[in-house]
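[1] Quick one, fold the following:
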Amino acid sequence: MTLPPLVEPAESLTKAEVERYSRHLIIPDVGMIGQKRLKNAKVLVVGAGGLGSPALLYLAAAGVGTLGILDFDTVDESNLQRQVIHGQSDIGKSKALSAAESIAEVNPYVTVNLHTERLDSGNALEIFAPYDLILDGTDNFATRYLVNDACVLLGKPYVWGSIFRFEGQVSVFWAEYGPQYRDLYPEPPPPGMVPSCAEGGVLGVLCASIGSVMVTEAIKLITGIGEPLLGRLMVYDALEMTYRTVRIRRDPAGEPITGLIDYDAFCGTLSDEAAEAAISHTISARDLKAKMDAGDDFVLIDVREQNEYEIVSIPGSVLIPKGDIISGEALSSLPMDRPLVLHCKSGARSAEALAVLHKAGFGDAVHVGGGVLAWIKQVDPSLPTY
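    Below is the predicted model of the structure:
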């Protein structure tokens, strides 16, 4: 579906801008009018991470006049494998500020607005309102639903991207003309079912592939050229090096969005069973160290994956992936006469496994709140984090 241009053109380009954007200007489909539309556009990028990094750089290079950067996080060393807008000297710095400094180097003619607060139901509409277009590069379902619902209420289009390991997805959602995110995912997946990039990993360069497609869609929407991915989901498989598209249709049973809700509660960070199991069966990393020092007899079970276990592990732990516990495959091998202590990276997966063990008769099993990251922070800072 061809859509009308999203943005009216600016009055003019300066001599310096004409020289800078000359390779755009000689493309007939873009030309002076298209570049003036880019100059007049206001685009908000939600997340200055894996997808936001290439998106912001290419939006700036393309000449988008105003860029908003929404990110409350700080730069961590583990980000640098894929978040190319940040560098070594930016570690510990606000991601939004770091990104703004990089954009100034790429294109000094771009106005940058920083939004360093956490996005929530109370501020989303106010933050989104001044922008023509939203790019969503976030990595959690709660924020994705929040971005969608805010855009629907404001009548704004947005470009959505997602990455995991070797696969990426991109689509355009605009309720005024076609489907929205809830037509693709009417309900969030069960808590713990879909691992995050922090749990499952992502090929760094995949971010560039998907981020550049997102910017391509943004340019098409702003200038009114080509056929955007509205009503289509593009799926990229880096290992097979294939692109395919899947049709998305409006859900006739979808309920109208009338306001913003509590998205953490809607998506749930833990299942009800896991949250209940963890209430009185959680110990701290320091508690675990005290049990070890006292010589207590227990089995420490690491429910992460093999590749995570090889990166870092708590001494004495036995690897039994969460999937083997949830499927029941590992239950017969667990001792009934020794206490079980579970842990994962941060505590969510071990809580889900804990609920299964409680149902299976291991009522005294506990898990380590904060997982191996808490162990590193509270007990042994010499170990690497990931």
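[2] Quick check on the closest residue in space to residue 175 that isn't next to it in sequence: phi, psi?
    Leaving aside its chain neighbours, residue 175 sits nearest to residue 152 (4.6 Å; criterion: C-beta to C-beta, 6 or more residues apart in numbering). From N, CA and C alone the C-beta is placed, and that goes for glycine too. Backbone torsions for residue 152, taken as degrees, to the nearest 10, come to phi -60, psi -50.
[3] try residue 134
    Taking degrees, to the nearest 10 as the convention, residue 134 sits at phi -120, psi 140.
[4] State the number of residues packed around it.
    For residue 134, the neighbour count with other C-beta atoms under 10 Å is 26.
[5] same question, the one 5 residues further on
    For residue 139, the count of nearby residues is 17 (other C-beta under 10 Å).
[6] pretty sure it belongs to a strand, no?
    No - using DSSP: H, G, I helix; E, B strand; the rest coil, the assignment for residue 139 is coil, not a strand.
[7] Now for residue 230: which residues touch it?
    1, 3, 157, 171-174, 177-179 (C-beta atoms under 8 Å, 6 or more residues apart in numbering).
[8] Which among these count as buried?
    By neighbour count, with 16 or more other C-beta atoms under 10 Å, these hold 3, 157, 171-174, 178-179 as buried.
[9] what residue lies at the spatial centre of this protein?
    residue 139 (1.3 Å; C-alpha atoms, centre = their mean).
[10] Pull the contacting residues for residue 70.
    Counting by C-beta under 8 Å, 6+ apart, residue 70 has contacts 44-48, 96, 115, 119, 127.
[11] where do the strands sit along the protein?
    Here the chain has its strands, by DSSP state E, at 42-46, 66-70, 111-115, 133-136, 158-164, 167-173, 232-237, 242-247, 282-283, 299-302, 318-319, 340-343, 366-368.
[12] Pipe these into TSV and attach mean pLDDT per row.
    Formatted as TSV, the strands of the chain follow (pLDDT from 0 to 100):
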stretch	mean pLDDT
strand 42-46	98
strand 66-70	98
strand 111-115	98
strand 133-136	98
strand 158-164	97
strand 167-173	98
strand 232-237	98
strand 242-247	97
strand 282-283	96
strand 299-302	97
strand 318-319	97
strand 340-343	97
strand 366-368	96
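[13] wait, doesn't the residue nearest to the centre of the chain sit right on residue 47?
    Yes - between residue 139 and residue 47 a contact is recorded at 7.5 Å, counting by C-beta atoms under 8 Å.
[14] And the pLDDT for the residue nearest to residue 175?
    The model reports residue 152 with a pLDDT of 98.
[15] And residue 4, how close does it get to residue 345?
    Distance of residue 4 to residue 345, computed by C-beta to C-beta, to the nearest Å: 47 Å.
[16] Comparing the two, which residue is more hemmed in?
    Between residue 4 and residue 345, counting by other C-beta under 10 Å, residue 345 is the more crowded of the two (25 against 7).
[17] check contacts around the more buried one.
    198-199, 304, 308, 371-373, 386.
[18] cutoff 6 Å now
    If you count contacts by C-beta atoms under 6 Å, 6 or more residues apart in numbering, residue 345 has them with 304, 371-372.
[19] now swap in residue 201 and tell me
    Contacts of residue 201 (C-beta under 6 Å, 6+ apart): residue 165.
[20] Please report the distance of it from residue 304.
    As for residue 201, its distance to residue 304 is 12 Å (criterion: C-beta to C-beta).
[21] go on, residue 183?
    34 Å.
[22] more neighbours, the two?
    Shown here are residue 183 and residue 304; by other C-beta under 10 Å, residue 304 has more neighbours (24 against 19).
[23] these two touch, right, the more buried one and residue 344?
    Yes - with contacts counted by C-beta atoms under 6 Å, residue 304 reaches residue 344, the gap being 5.2 Å.
[24] Please point out which parts of the helix or strand of the chain with the lowest mean pLDDT sit buried.
    Between all helices and strands in the chain, the lowest mean by mean pLDDT, DSSP states H and E belongs to helix 197-200, at a mean of 72. For helix 197-200, burial by neighbour count (16+ other C-beta under 10 Å) applies to 197, 199.
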